[in-house]
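A.B. asks: the sequence and its predicted three-dimensional model are supplied below.
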Amino acid sequence: MKPLLHVEDLNAFYGDLQALFGVDFSVGEGECIAVIGSNGAGKSTLLRSVTGLHRGRSAKRLSLAGAEISQRAASEIVAMGMTLVPEGRRLFSSLTVEENLTIGRSAGRAGYWNLSRIYELFPTLLELGGRPVTKLSGGQQQMVAMGRALMTNPNLLLCDEISLGLAPVVVKGIYDNFARVRGQGTAVIIVEQDIGRALSVADRIICLRKGAVMLSGAPASFTRNQIAEAYFGVEGE
Amino acid sequence: MASGADVIVQGILLGGLYALFAMGLSLVFGVMRLVNLAHGDFIVAAAFAAFCVVSVLPIHPFLAIAAVVPFMAGLGYLIQLGLFNRLLGKDPLRPLLVTFGVSVVLQNALLMTFSADTRRLSAGSIETQSVDVGSVTIGVYPAVVFAMALAVTMALQWIFYSTALGQRLRATSDDPEIVGLVGVDHLRVFAIASAIAFAVIGIAGVLMAIRGNFDPFMGPARLLVAFEAVIIGGLGNFWGTLVGGIVIGLAQSIGAAIDPAYQTIAGHIVFFAVLLLRPDGLFPKVAHQ
């Protein structure tokens, strides 16, 4: 599979504190990767580092579709085809639902996703277009956050803890939509604490612990014990 | 002695000029949370820029706006990209210190270039023309300035709430980090916001230069009035800023009617009262259409 994102020896820092240690991985076109790990393992830092939001990082190689991106700003990386649905949704509070979605056009990328297709994907939002996003439920806000990211027409979509704080039925609805997103050839990286859900959608998993990759490969190639040991650092029962 | 209605009308019209002083400050603070202590000095610099234009070209001072506004907008864009963007971050003291330094440098540069002499642009008979509306006499020039303030407020409101640029400006104001994830470069948006603010500064500077005398050291007093108008109106709210300017204008006008010595202090007292009673201003939230 042709690598879309290639990460080699990625290290990330918060001042003197090192949060990622020599992380290597790659993502192929249309592939779905789940990044798992406990709190503080470095999952969000990993996503923020590759998307350019976190600039305190170094890498031997950080490339998207063959182009080096380590010196690029987040806005430039989005224009090259990679974006992130951030943890906590982080919608633009002074914008309406529709404005939050259409601002995704700023990336200047043509593609499958437009406003009407986002409304097809999330029909609930159709009735809410003129509302301030602050008036929406958590699940509706998550749909807007995903829609906003899709409006940039990414080749690679990163999702950080999208199930956090949402009802299971809402989470199921959002995950069901991944099939359609991937159907357009979009690769996906999911950071998820719900291991079961992550394993169910991912082609490969990467388990982080204390900022380093403990385990990487197809979910079926690992036993529960191996995953538990990588996740917690102790052998599972 | 002026009638009560006269005092109120003059106060409202004066408030238009104060609102123009404040509008750029409100915009810059609203979008990037930057407090520019050199704001008043840039207004004075714009007045001197208009002075240069009418000295070189035989045109009416009003027409100097056509040259000063793009010049100031360009200056604002470049100064934001080259200097102010580097100051934004977690430490709120840096922009305060640096823009204070810019204020001092600007005042002295204007002093060296133009001397300490007071200047004024003559707009001809419009300065003294008035219209009687019932028992109230309305000066034509103050009315023009007020109309300009109204037009600027409406234009800013339109830009912010009816254009794609406004969408980006508001989104950047909400979360300058996350706009990057939709392909918006927040530093460039800040530069555009600064260009718009400096364009308004250009308008305010030219109109101020026609209305009264100016010299290189009157910037801090303009800044003070601008601050008070912005805070009275509510931070980052254009209609609120217009109202804030009018409130100060009214207070000064009423103060002057009681005793001319009270004019300036009356504005400060009303500002202080608003700060005590409504610390977030009269219109605390950013206005939505």
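C.D. replies: Now that the structure is in, tell me what you want to look at. Residues are numbered from 1 along each chain as shown, chains lettered A, B, ... in the order given.

A.B. asks: return stretch B:17-37 as CSV; C-alpha atoms alone will do.
C.D. replies: Listed next in CSV are the C-alpha coordinates belonging to stretch B:17-37 (Å, rounded to 0.1, in the frame of the first residue of the first chain):
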residue,chain,number,x,y,z
LEU,B,17,-15.6,61.1,16.2
TYR,B,18,-14.8,59.3,19.5
ALA,B,19,-16.4,56.1,18.0
LEU,B,20,-14.1,56.4,15.0
PHE,B,21,-11.1,56.7,17.3
ALA,B,22,-12.3,53.6,19.1
MET,B,23,-13.4,51.4,16.3
GLY,B,24,-10.0,50.1,15.2
LEU,B,25,-9.0,49.4,18.8
SER,B,26,-12.2,47.4,19.3
LEU,B,27,-11.6,45.4,16.1
VAL,B,28,-8.0,44.6,17.0
PHE,B,29,-8.9,43.6,20.5
GLY,B,30,-11.9,41.7,19.4
VAL,B,31,-10.0,39.6,16.8
MET,B,32,-6.6,39.1,18.4
ARG,B,33,-6.9,40.3,22.0
LEU,B,34,-4.1,42.8,21.3
VAL,B,35,-4.1,46.0,23.2
ASN,B,36,-2.2,48.5,21.0
LEU,B,37,-1.0,51.4,23.2
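
A.B. asks: how far does that stretch sit from its chain's centre?
C.D. replies: The chain centre lies 7 Å from the centre of stretch B:17-37; the measure is Cα atoms, centre = their mean, to the nearest Å.

A.B. asks: near chain A, which residues of chain B?
C.D. replies: Within reach of chain A by Cβ under 8 Å from any Cβ of the partner chain, chain B has these residues: B:164, B:167-168, B:170-171, B:173-175, B:177-186, B:286, B:288. Where you see a C-beta, it was placed from the backbone N, CA and C, and this is true even at glycine.

A.B. asks: among those, name the buried ones.
C.D. replies: B:167-168, B:170-171, B:173-175, B:178-186, B:286 (16 or more other Cβ atoms under 10 Å in any protein chain shown).

A.B. asks: inside helices: which ones of those?
C.D. replies: Members of these lying in helices (criterion: DSSP state H): B:167-168, B:170-171, B:173-174, B:186.

A.B. asks: buried residues in the host helix or strand of residue B:69, which are they?
C.D. replies: In this assignment (DSSP states H and E), residue B:69 forms part of helix B:65-79. Residues of helix B:65-79 classed as buried by neighbour count (16+ other Cβ under 10 Å): B:65, B:67-69, B:71-73, B:75-77, B:79.

A.B. asks: other SSEs contacting that helix?
C.D. replies: Counting contacts by 3 or more Cβ pairs under 8 Å, 6 or more residues apart in numbering or on different chains; DSSP states H and E, helix B:65-79 packs against helix B:39-56, helix B:186-211.

A.B. asks: hey, which of the ones you listed is tucked in deepest?
C.D. replies: helix B:186-211 (a mean of 26; mean count of other Cβ atoms under 10 Å in any protein chain shown).

A.B. asks: and after it, which helix or strand comes next?
C.D. replies: Next along from helix B:186-211, by DSSP H and E: helix B:219-233.

A.B. asks: now do the contacts for residue B:181.
C.D. replies: Contacts for residue B:181 (Cβ atoms under 8 Å, 6 or more residues apart in numbering or on different chains) come out as A:51, A:53, A:74, A:78, A:83-84, A:86, A:149, A:152.

A.B. asks: ok, residue B:7 touching residue B:253?
C.D. replies: Yes - between residue B:7 and residue B:253 there is a contact under Cβ atoms under 8 Å: 5.2 Å.

A.B. asks: who has more neighbours out of these two?
C.D. replies: Legend: neighbour count by other Cβ atoms under 10 Å in any protein chain shown for residue B:7 and residue B:253, higher for residue B:253 (23 against 19).

A.B. asks: next to chain B, which bits of chain A? Give me the list.
C.D. replies: Looking at chain B, the residues of chain A close enough under Cβ under 8 Å from any Cβ are A:51-53, A:73-76, A:78-79, A:83-84, A:86, A:90, A:92-95, A:99, A:102-104, A:106-109, A:132, A:148-149, A:151-152.

A.B. asks: show me these that map onto strands.
C.D. replies: A:83-84 (DSSP state E).

A.B. asks: is residue A:19 in contact with residue A:12, as I believe?
C.D. replies: Yes - at 4.7 Å, residue A:19 counts as touching residue A:12 under the criterion of Cβ under 8 Å.

A.B. asks: shared neighbours of these two, anything?
C.D. replies: Counting by Cβ under 8 Å, 6+ apart, the residues touching both residue A:19 and residue A:12 are A:42, A:45, A:211.

A.B. asks: between the residues you listed, which is closest to chain B?
C.D. replies: Chain B lies nearest to residue A:45 out of these, by Cβ to the nearest Cβ, at 14.3 Å.

A.B. asks: tell me where chain A has helices.
C.D. replies: Under DSSP H, chain A gives helices at A:43-50, A:74-80, A:97-102, A:115-121, A:138-150, A:168-176, A:178-183, A:195-201, A:224-232.

A.B. asks: can I get those helices in TSV with mean pLDDT and mean neighbour count?
C.D. replies: Output for those, formatted as TSV (pLDDT from 0 to 100; neighbours: other Cβ atoms under 10 Å in any protein chain shown):
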stretch	mean pLDDT	mean neighbour count
helix A:43-50	95	25
helix A:74-80	96	22
helix A:97-102	96	24
helix A:115-121	94	16
helix A:138-150	94	23
helix A:168-176	84	15
helix A:178-183	86	15
helix A:195-201	84	16
helix A:224-232	82	16
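
A.B. asks: any idea which of those gets closest to residue B:24?
C.D. replies: Nearest to residue B:24, of all the helices of chain A, is helix A:97-102, at 24.6 Å by Cβ to Cβ.

A.B. asks: packing partners for the closest one?
C.D. replies: Under the contact rule (3+ Cβ pairs under 8 Å, 6+ apart), helix A:97-102 is packed against helix A:115-121, helix A:138-150, helix B:164-174.

A.B. asks: who's in contact with it?
C.D. replies: Under Cβ under 8 Å, 6+ apart, the answer for helix A:97-102 is A:91-92, A:115, A:118, A:125, A:128-133, A:136, A:144, A:147-148, A:151, B:167, B:171.

A.B. asks: at 6 Å what do you get?
C.D. replies: A:91-92, A:118, A:125, A:128-129, A:131, A:133, A:144, A:147-148, A:151, B:167 (Cβ atoms under 6 Å, 6 or more residues apart in numbering or on different chains).

A.B. asks: dump the residue contacts of residue B:206.
C.D. replies: B:50, B:64-65, B:68.

A.B. asks: quick check on residue 153: phi, psi?
C.D. replies: Unless you meant another one, I'm taking chain A. In terms of degrees, to the nearest 10, the main-chain angles of residue A:153 are phi 50, psi 60.

A.B. asks: tell me, how many residues neighbour it?
C.D. replies: Per other Cβ under 10 Å, the neighbour tally for residue A:153 reads 22.

A.B. asks: run a quick check on it versus residue A:109, I expect a contact.
C.D. replies: Yes - counting by Cβ atoms under 6 Å, residue A:153 does reach residue A:109; the two are 4.2 Å apart.

A.B. asks: just want the residue of the stretch 1-150 of chain B that's nearest chain A.
C.D. replies: Closest contact between the stretch 1-150 of chain B and chain A, by Cβ to the nearest Cβ, is at residue B:30 (10.0 Å).
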